[in-house]
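Participant: everything below, folded, please.
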Amino acid sequence: MKKALVLLGCPEAPSQTPLAIYATYKLNSLGFDVTITANPAASKLLKISDPENKYISNIVDLDRCLNELNEGEFDLLLGFIHKEAAASFFVTFYQILQIKSIAIVFEKDEDLVEEYANIISDSTDAEVLAVKAFHNPNPVKVKLDKALEKI
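Facilitator: Numbering: from 1, shown residues only. This next block holds a predicted model:
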């Protein structure tokens with residue numbers, strides 16, 4: 001079975017949690033065993049949002065995951081980026097894993113979307129899905145669906 005790692009940033013963006021659950025659902029339907037790595041706050045939001053683990057079955061602490069990460073461990077990296085720190089984490093995970101990667105860059109400020117997308121593009125060969133979005137998850141969902149259709 002193929003394995004995907006979903007990297008979540010700070011849970012400040014309201015659309016991140018539903019999008020993470022949606023992405024996990026989509027990846028599961030494509031045959032991926034999905035692991036989510038996130039900080040404690042983002043992890044708690046996911047656990048509360050999916051109390052019966054219908055979609056989210058494997059959540060790993062971000063620092064622990066990074067410390068134990070090895071090349072070849074996953075087949076796909078999918079990252080949610082709406083802060084500079086998340087962009088840095090994504091680049092770090094990408095450099096370790098060296099796998100097909102998709103960076104979902106979203107923010108309410110278009111200049112920040114461009115800045116974070118450039119960080120990813122300059123440091124990786126990841127597919128970058130950049131969109132102005134924060135509260136409304138639909139613009140991100142549309143781009144994510146198109147990217148996942150190619151997998």
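
Participant: quick one, helices of this protein?
Facilitator: 16-29, 40-49, 62-68, 84-97, 110-123, 138-149 (DSSP state H).

Participant: with distance to Asp75 and mean neighbour count added, can I get those in CSV?
Facilitator: No exception for glycine: its C-beta is placed from N, CA and C like everyone else's. Shown next, in CSV, are these (distance: least, CB to CB, whole Å; neighbours: other CB atoms under 10 Å):
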stretch, distance to Asp75, mean neighbour count
helix 16-29, 10, 20
helix 40-49, 21, 16
helix 62-68, 16, 13
helix 84-97, 9, 19
helix 110-123, 19, 16
helix 138-149, 13, 16
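
Participant: ok, which of those helices comes nearest Leu76?
Facilitator: helix 16-29 (7.5 Å; CB to CB).

Participant: and the helices of the chain as JSON lines, adding mean pLDDT and distance to Lys132?
Facilitator: Shown next, in JSON lines, are the helices of the chain (pLDDT from 0 to 100; distance: least, CB to CB, whole Å):
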{"stretch": "helix 16-29", "mean pLDDT": "97", "distance to Lys132": "15"}
{"stretch": "helix 40-49", "mean pLDDT": "96", "distance to Lys132": "21"}
{"stretch": "helix 62-68", "mean pLDDT": "96", "distance to Lys132": "26"}
{"stretch": "helix 84-97", "mean pLDDT": "97", "distance to Lys132": "16"}
{"stretch": "helix 110-123", "mean pLDDT": "97", "distance to Lys132": "5"}
{"stretch": "helix 138-149", "mean pLDDT": "97", "distance to Lys132": "7"}
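
Participant: now render those helices as CSV, adding distance to Leu76.
Facilitator: Formatted as CSV, the helices of the chain follow (distance: least, CB to CB, whole Å):
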stretch, distance to Leu76
helix 16-29, 8
helix 40-49, 19
helix 62-68, 15
helix 84-97, 9
helix 110-123, 15
helix 138-149, 10
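
Participant: tell me how far the residue nearest to Ser88 when sequence neighbours are not counted lies from Met1.
Facilitator: Nearest residue to Ser88 in three dimensions, chain neighbours excluded: Ile119, at 7.5 Å (CB to CB, 6 or more residues apart in numbering). Ile119 sits 32 Å away from Met1, going by CB to CB, to the nearest Å.

Participant: rewinding a little: for the residue nearest to Ser88, give me its contacts.
Facilitator: Residues near Ile119 by CB atoms under 8 Å, 6 or more residues apart in numbering: 84, 87-88, 91.
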